[in-house]
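Novice: Structural data only, the sequence is not supplied:
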Ligand SMILES: Cc1cc2nc3c(=O)[nH]c(=O)nc-3n(C[C@H](O)[C@H](O)[C@H](O)COP(=O)(O)OP(=O)(O)OC[C@H]3O[C@@H](n4cnc5c(N)ncnc54)[C@H](O)[C@@H]3O)c2cc1C
């Protein structure tokens, strides 16, 4: 489905490079599943640029993105003014919660890869009997995106465990993932982030015997 959506709010986040855009779809029919994304089509410097952005919240059209250095669209979107109308298409994507839900979900995200996963977490919070959830969340140094909120969830939400990797050697997430996969051989992993992050995680899952279909992933580019 193609539709226009008006920017209602362009909010800062705790990370200076990341903004949250609240959009008002100019159609009553827009619904989506947590984990899905929309595409934004924008004419920029005489060419049309189309990029994908995942929904941040389960019940309204909210996007969350970082201004990629020398990127075509993301710096424009991060500085967009309320009232601007964007051309949107979607929802798209199969990076959604499995049905039925497994006993233990293992989310693995890096930086803005948290966006579709945060949306799923918000949905899971509303369930009567959510499964056990572990989130391995890796962040560049000095980029505390959603850290306060996720840390607070860990205190108040018994099913939720956060493994935060704020900096340090790149193989840290592999270590944490290895430990969890050894302890919990039947988790359902869901991975999101740029390809350089997703690829080694998938390689490790393959070493543990995971085949396509036994986990889900979303590559951001
Ligand atoms: C299914 C899907 C969902 C996505 N959801 C989100 C989301 O929720 N939030 C979000 O911020 N992004 C998301 N992305 C990434 C987004 O679509 C764009 O790729 C990103 O905003 C960069 O676009 P750009 O036009 O600014 O940069 P481009 O002009 O496309 O790229 C400029 C340079 O930056 C590199 N690059 C591209 N993307 C990234 C990145 N994410 N991080 C670092 N370097 C990059 C490119 O390789 C290139 O060298 C998603 C991508 C996909 C495929």
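Specialist: Noted; the coordinates are in hand. Note that the structure is a prediction, hence the values are computed from the model and not measured.
Novice: so what's residue 17 up against?
Specialist: 66-67, 78, 143 (CB atoms under 8 Å, 6 or more residues apart in numbering). (Glycine included, C-beta is placed from N, CA and C.)
Novice: ok, and which of those reach the ligand?
Specialist: residue 66 (CB under 6 Å from any ligand atom).
Novice: Go through the contacts of residue 17 and flag which are in helices.
Specialist: Mapping the contacts of residue 17 onto helices (DSSP state H) picks out residue 78.
Novice: what's the lowest-pLDDT member of the contacts of residue 17?
Specialist: Of all the contacts of residue 17, residue 143 has the smallest pLDDT value, namely 79.
Novice: pretty sure it contacts residue 114?
Specialist: No: using CB atoms under 8 Å, residue 143 is not in contact with residue 114, being 10.7 Å away.
Novice: what's the spacing between residue 36 and the ligand?
Specialist: Distance of residue 36 to the ligand, computed by CB to the nearest ligand atom, to the nearest Å: 9 Å.
Novice: Quick check: which ranges of the protein have low pLDDT?
Specialist: The model of the chain has pLDDT under 70 over residues 168-170.
Novice: ok, now which residue in it is the farthest from the centroid?
Specialist: residue 46 (30.3 Å; CA atoms, centre = their mean).
Novice: Phi first, then psi, for that residue.
Specialist: When read as degrees, to the nearest 10, the backbone of residue 46 gives phi 70, psi 10.
Novice: Of residue 143 and residue 114, give the one with the bigger neighbour count.
Specialist: residue 114 (26 against 18; other CB atoms under 10 Å).
Novice: on that earlier part again, tell me which of the contacts of residue 17 is nearest to the ligand?
Specialist: When those are compared for distance to the ligand (CB to the nearest ligand atom), residue 66 wins out at 4.7 Å.
Novice: Residue 13 is in contact with that closest one, correct?
Specialist: No: judged on CB under 8 Å, residue 66 makes no contact with residue 13 at a distance of 9.2 Å.
Novice: overlap in contacts of those two?
Specialist: residue 19.
Novice: Neighbour count for the two, which is higher?
Specialist: residue 66 (21 against 16).
Novice: and that one, what does it touch?
Specialist: Contacts of residue 66 by CB under 8 Å, 6+ apart are 15, 17-19, 74, 78, 111-112.
Novice: What is the three-state secondary structure of residue 175?
Specialist: helix (DSSP: H, G, I helix; E, B strand; the rest coil).
Novice: just to revisit the earlier point, looking at the contacts of residue 66, which has the most residues close by?
Specialist: Highest count within these by other CB under 10 Å belongs to residue 112, 25 neighbours.
Novice: So what sits opposite the closest residue to it other than its chain neighbours in the bridge?
Specialist: Spatial nearest neighbour of residue 112, excluding adjacent residues (CB to CB, 6 or more residues apart in numbering): residue 66 at 5.2 Å. When bridges are called by DSSP bridges, residue 66 pairs up with residue 18.
Novice: list the buried ones in stretch 155-173?
Specialist: 157, 159-163, 165, 173 (16 or more other CB atoms under 10 Å).
Novice: end-to-end on that stretch?
Specialist: 22 Å (CA to CA, to the nearest Å).
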